[in-house]
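K.L.:
My questions concern the predicted model and sequence given below.
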Amino acid sequence: AVGGDVPLPARASAGMSSLEAPTLTRRRAIALLEELAVRNTEPDFQRKLQDVSRARGSCGDALAAARHELVRGRQAEVLPKFGFEASDEGVRRVVLELDGFSGDEEVRRLASEVHGALAGGGPAGFPPGCAADTLPD
């Protein structure tokens, strides 16, 4: 898998507390994003995203919760490889660390690819006609 050969920082492999987050190097940020992009574009995952959207059929809480669960499951397969918790807090920490690379064209491109794979035709990964600002935070 992409990024699988990138070792964790010493403190992560030594048992990082939930209060600490690894510091991503550019190389590790790219590896993390590449793996998420590959996993998010897999046909089986894309089919599941479409199934969730069809099954929920609206822009309500049920759709947001189902998509969150599906995406979080995918993130849980990747984030721990890079020393982050498989949780909302782990995702928040990844986002904060990736913000440090906002000027890096390759990181921005990969982040866009990751988000685009979740788009499903609408804003923020929701079906067409579903405005992201109508959904709960």
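P.N.:
Good, I have the coordinates.

K.L.:
For the protein, give me the ranges with low pLDDT.
P.N.:
Where the chain drops to pLDDT under 70, the residues are 1-22, 56-59, 120-137.

K.L.:
Buried residues of the longest helix along it, list them for me.
P.N.:
In the chain, assigned by DSSP state H, the helix with the most residues is helix 61-78. For helix 61-78, a neighbour-count test (16 or more other Cβ atoms under 10 Å) marks Leu63, Ala64, Ala66, Arg67, Leu70, Val71, Arg74, Gln75, Val78 as buried. C-beta coordinates here come from the backbone N, C-alpha and C atoms, glycine included.

K.L.:
ditto for stretch 100-116
P.N.:
Phe101, Val107, Leu110, Ala111, Glu113, Val114.

K.L.:
so the first one, which of the three states?
P.N.:
What that stands for is Phe101. Following DSSP: H, G, I helix; E, B strand; the rest coil, Phe101 is assigned to coil.

K.L.:
sorry, back to before: okay, the buried residues of stretch 100-116 in a markdown table with secondary structure next?
P.N.:
Formatted as a markdown table, the buried residues of stretch 100-116 follow (three-state DSSP):
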| residue | secondary structure |
| --- | --- |
| Phe101 | coil |
| Val107 | helix |
| Leu110 | helix |
| Ala111 | helix |
| Glu113 | helix |
| Val114 | helix |
